[in-house]
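Colleague: Here is my input; please provide its structure:
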Amino acid sequence: MSSLRDRPADEPLFGAWALALAEDQGRDAAFRWLARSDEPEARGLRAALEAGFAHAGASRDVLAKGLAHERWGQHAGARAHLLSLALMAQLQLSLTCEPCLGDKNPDLLIARGEQRALVEVRSLTGCGEEPWTRDAAPRRRAPVRPLRGHGSGREKQARRRARVAASERAQAAADDARELSRAVAQAVSVKVDTYAALAAQHELPLVVLLYEDTDSQLGRVVARWGRDDGAWARAPERFSALSSVLVVGRGVADDGACLLRAERLVNAHAARPLPDTLLPLRLAPQIVPGPPPINPAGR
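Modeller: The predicted structure follows:
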């Protein structure tokens, strides 16, 4: 039986240790599916994570063990870091994972030539609408309602129940939106409060990277909270170190390769704006290395 502690330091991310550990996990564990599945999506995601792992430096062991954790939060956090590394490498940026800057070790230092920036990574998965949860069934045609005053008592009760149900759904959606906005505000604010002084000391722009995996609404939530509702403008001193928020999500290409999409939201009140030449304002979807050969042990 393998454990998180006994991972060989020189082994690839999805070597024998990962396969043995995944075999011992529950069938609904994300890492079990990722490490052992022969589905094209799993193979493509493994390849992308391996690409990020190649740039993880001294953080390789910690990230490998985090990815292999059965707890989703641990797994998703490591997945966010590794795919962020893969994305930055795909953009041909120089990468330093957890650089030692004084008494702190931020997640990433990215560079292109003389231009540099700090990047802090945070996973916020499971937020917003997941594409596969949409109801694809055709909508039934709404029944013709009788004129007011001419419906039966049963029909009137049904209409009242329908109105109450619609109101409850709208209230639940509004509550979810507020909760997601609070989660975004907390995630970004904690990162800024922790690293603002370090960014100012080294005169570096600070980027907070939020990873949403396969969700689809995080960019809109960030824009609404920070830019449209004016959180960044209302507290310019608190958020002056924040150059941009980069929202990164994952898709699947036709051949199963991992497709990374990114949306950069700019804080117009930042003390040190992020140069577009370092991290483009508009990022085309990036396909990271295609699926490796099928692993017979994963069958």
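Colleague: Could you report the neighbour count for residue 64?
Modeller: 24 (other Cβ atoms under 10 Å). (Glycine included, C-beta is placed from N, CA and C.)
Colleague: So it, which state does it fall into?
Modeller: Using DSSP: H, G, I helix; E, B strand; the rest coil, the three-state assignment for residue 64 comes out as helix.
Colleague: helix or strand right after the strand ranked longest in the chain?
Modeller: The single longest strand within the chain, with elements called by DSSP state E, is strand 242-252. Going down the chain from strand 242-252, the next helix or strand is strand 258-266, by DSSP states H and E.
Colleague: Can you work out which other helices and strands pack against that next one?
Modeller: With contacts taken as 3 or more Cβ pairs under 8 Å, 6 or more residues apart in numbering; DSSP states H and E, strand 258-266 sits against helix 40-53, helix 72-90, helix 218-222, strand 242-252, strand 286-287.
Colleague: Can I get the ones you listed in JSON lines including distance to residue 185, mean pLDDT and mean neighbour count?
Modeller: JSON lines is the format used below for those (distance: least, Cβ to Cβ, whole Å; pLDDT from 0 to 100; neighbours: other Cβ atoms under 10 Å):
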{"stretch": "helix 40-53", "distance to residue 185": "28", "mean pLDDT": "96", "mean neighbour count": "22"}
{"stretch": "helix 72-90", "distance to residue 185": "18", "mean pLDDT": "96", "mean neighbour count": "23"}
{"stretch": "helix 218-222", "distance to residue 185": "9", "mean pLDDT": "93", "mean neighbour count": "22"}
{"stretch": "strand 242-252", "distance to residue 185": "11", "mean pLDDT": "96", "mean neighbour count": "23"}
{"stretch": "strand 286-287", "distance to residue 185": "28", "mean pLDDT": "92", "mean neighbour count": "18"}
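Colleague: So which residues of the chain form helices?
Modeller: Using DSSP state H, the helices of the chain run over 16-23, 30-36, 40-53, 60-67, 72-90, 153-201, 218-222, 231-234.
Colleague: any idea of the pLDDT on the residue nearest the centre of the chain?
Modeller: The chain has residue 211 as the residue nearest its centroid, 1.6 Å off, counting by Cα atoms, centre = their mean. Turning to residue 211, the model gives it a pLDDT of 96.
Colleague: Now it. Nearest residue, chain neighbours left out?
Modeller: Of all residues not flanking residue 211 in the chain, residue 80 sits nearest, at 3.5 Å (Cβ to Cβ, 6 or more residues apart in numbering).
Colleague: which residues touch the one you found?
Modeller: Residues in contact with residue 80 (Cβ atoms under 8 Å, 6 or more residues apart in numbering) are 121, 122, 123, 125, 209, 211, 248.
Colleague: for the protein, what are the low-confidence residue spans?
Modeller: 1-2, 127-152, 168, 170-177, 290-299 (pLDDT under 70).
Colleague: Kindly recompute the last result at 90.
Modeller: 1-11, 27, 102-103, 125-181, 215-217, 227-229, 282-284, 289-299 (pLDDT under 90).
Colleague: my read: residue 33 touches residue 45, true?
Modeller: No - using Cβ atoms under 8 Å as the test, residue 33 is too far from residue 45 to be in contact (9.5 Å).
Colleague: who's in contact with the residue nearest to residue 12 when sequence neighbours are not counted?
Modeller: Leaving aside its sequence neighbours, residue 12 sits nearest to residue 50 (Cβ to Cβ, 6+ apart; 6.6 Å). Residue 50 makes contact with 12, 13, 14, 289, 292, according to Cβ under 8 Å, 6+ apart.
Colleague: doesn't residue 264 make contact with residue 223?
Modeller: No - contact criterion Cβ under 8 Å: residue 223 and residue 264 do not qualify, at 10.9 Å.
Colleague: More neighbours: those two, which one.
Modeller: residue 264 (20 against 15).
Colleague: and the more buried one, what is it in contact with?
Modeller: Per Cβ under 8 Å, 6+ apart, neighbours of residue 264: 244, 245, 246, 247, 274, 279, 280, 281, 282, 283.
Colleague: Turn those residues into TSV, columns for distance to residue 57.
Modeller: Shown next, in TSV, are the contacts of residue 264 (distance: Cβ to Cβ, whole Å):
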residue	distance to residue 57
244	24
245	25
246	21
247	25
274	23
279	20
280	25
281	28
282	29
283	24
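Colleague: Closest to residue 117 out of those?
Modeller: Using Cβ to Cβ, residue 274 is the member of these that sits closest to residue 117, with 5.7 Å.
Colleague: The closest one contacts residue 243, doesn't it?
Modeller: Yes - the criterion here is Cβ under 8 Å, and residue 274 meets it with residue 243 at 4.0 Å.
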